[in-house]
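# here is a sequence with its predicted model. Questions after.
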Amino acid sequence: MAVNSSRDVGQSAAPSAIQQAFYGMVEHAAQPQMFIDQTGTISYLNARMTDLLNRHEEVVGLNPVDLVGQSARFLFAIAPKLKSAL
């Protein structure tokens, strides 16, 4: 299961069929994906990104749960470790 932000992003409680289809495609995509909101905060990791980060957690020093809610600038700080792990 993907890591997802639990904070309210202003969406209605019941997502539309189009939203559900979109998130289903993203969640089950073969490529690692993340969402970054307008403020530059990482708000979502799909299952593939979560698995990837879990496999390399020791090298990167990062748990996927810890990444959600961080500024996207955090990725630049860990980029060398992430690149060497992949």
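Looks like it arrived, so ask away.
# who's in contact with residue 33?
Contacts here follow CB atoms under 8 Å, 6 or more residues apart in numbering; on that basis residue 33 touches 26, 45, 46, 48, 49. C-beta coordinates here come from the backbone N, C-alpha and C atoms, glycine included.
# cool, residue 82 as well?
Contacts for residue 82 (CB under 8 Å, 6+ apart) come out as 56, 60, 75.
# same check on residue 73?
Contacts for residue 73 (CB under 8 Å, 6+ apart) come out as residue 40.
# pLDDT score assigned to it?
pLDDT, residue 73: 88.
# kindly report the same for the one 5 residues further on.
If you check residue 78, the pLDDT there is 78.
# is the residue nearest to the spatial centre of the chain in a bridge, and if so with what?
Nearest to the mean C-alpha position of the chain, counting by CA atoms, centre = their mean, stands residue 45 at 1.9 Å. Residue 45 forms beta bridges with residue 34, as assigned by DSSP bridges.
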